[in-house]
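1. please find the sequence and the predicted model below.
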Amino acid sequence: MGNRWVNPVGVLLIAAVLGLPLLAQAQAPAPPPSATAKVENSVRPAQTILVVGDSLSAEYGLKRGTGWVPLLDKQLASETRNAKVINASISGDTTSGGRSRLPALLTLHRPSTVVIELGGNDALRGLPLDMTEKNLLAMAQASKKAGAKVLLIGMQVPPNYGGAYAAGFASLFLKVAKAEKVALVPFLLKGIADGEDAASHFQPDRIHPNEQSQPSMLANVWPELKKIIK
């Protein structure tokens, strides 16, 4: 990652504040189809895309409906894809939190695809890299066992975290993706955190992308996601 990354100010204090649970809006499950709908043309049930993430996916600091996940829902609708999105992202969540929540989410929503966007808060808290890796592996394995395809979304940390830690953190997403043979977006904030005038793409906390950056985040995710959904 280049040196143009937005350098957080007082990042540990901010992380502690943002650790307060902030549940993102999630769409209610669709009602069961009628008997007629089941018969007519053997209508294929909608695919369910489950997003398990942190504040980057939970619309932290944004007007509801403007985050990259709601934009994904609109993208699917514009392409008349028979799919729905469940946003189960929680601000401040870690990979440990996501791992503990995932079994119930898989049982409740029975997703066809699981998008895992977690790890940033692990890094902010300086948690061991091997713990983050094990949690992501477990989440990918659980999702696959439940019959879902998996898209893993990677993150990076600024250089001031130390070269070894930053490199190790960035590479663990690729390691998990290769080990479990799942799809990968290497860096959710590509072209945002490492682009020109990066500060203009972020909210005042200099950690969370602003509303104008959300389409770019979706643009980073969509090419890989559309490969694994029908």
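-> The structure has been received and is ready for your questions. Numbering: from 1, shown residues only.
2. dump the residue contacts of the nearest residue to Gly154 once chain neighbours are set aside.
-> Spatial nearest neighbour of Gly154, chain neighbours left out: Phe173 (3.5 Å); criterion: C-beta to C-beta, 6 or more residues apart in numbering. Where C-beta positions appear, they are placed from N, C-alpha and C, glycine not excepted. Residues near Phe173 by C-beta atoms under 8 Å, 6 or more residues apart in numbering: Gly119, Leu136, Leu152, Ile153, Gly154, Met155, Leu184, Pro186.
3. and Trp222, by the same measure?
-> With contact set as C-beta under 8 Å, 6+ apart, Trp222 has these partners: Leu72, Gln75.
4. wasn't it part of a strand?
-> No. Assessed with DSSP: H, G, I helix; E, B strand; the rest coil, Trp222 is helix; it does not lie in a strand.
5. ok, back up a step: highest neighbour count among the contacts of Phe173?
-> Using other C-beta atoms under 10 Å as the neighbour criterion, Gly119 leads the contacts of Phe173 with 31 neighbours.
6. surely it meets Asp93?
-> No. Counting by C-beta atoms under 8 Å, Gly119 stays clear of Asp93, with 10.1 Å between them.
7. mind checking how far the residue nearest to Gly154 is from Gln203?
-> 24 Å (C-beta to C-beta, to the nearest Å).
8. closest to Trp68 among the contacts of Phe173?
-> Ile153 (10.1 Å; C-beta to C-beta).
9. and that closest one, its phi and psi?
-> phi -110, psi 120 (degrees, to the nearest 10).
10. tell me which residues in stretch 183-202 are buried?
-> 183-190, 192-195, 198, 201-202 (16 or more other C-beta atoms under 10 Å).
11. good, we can wrap up now.
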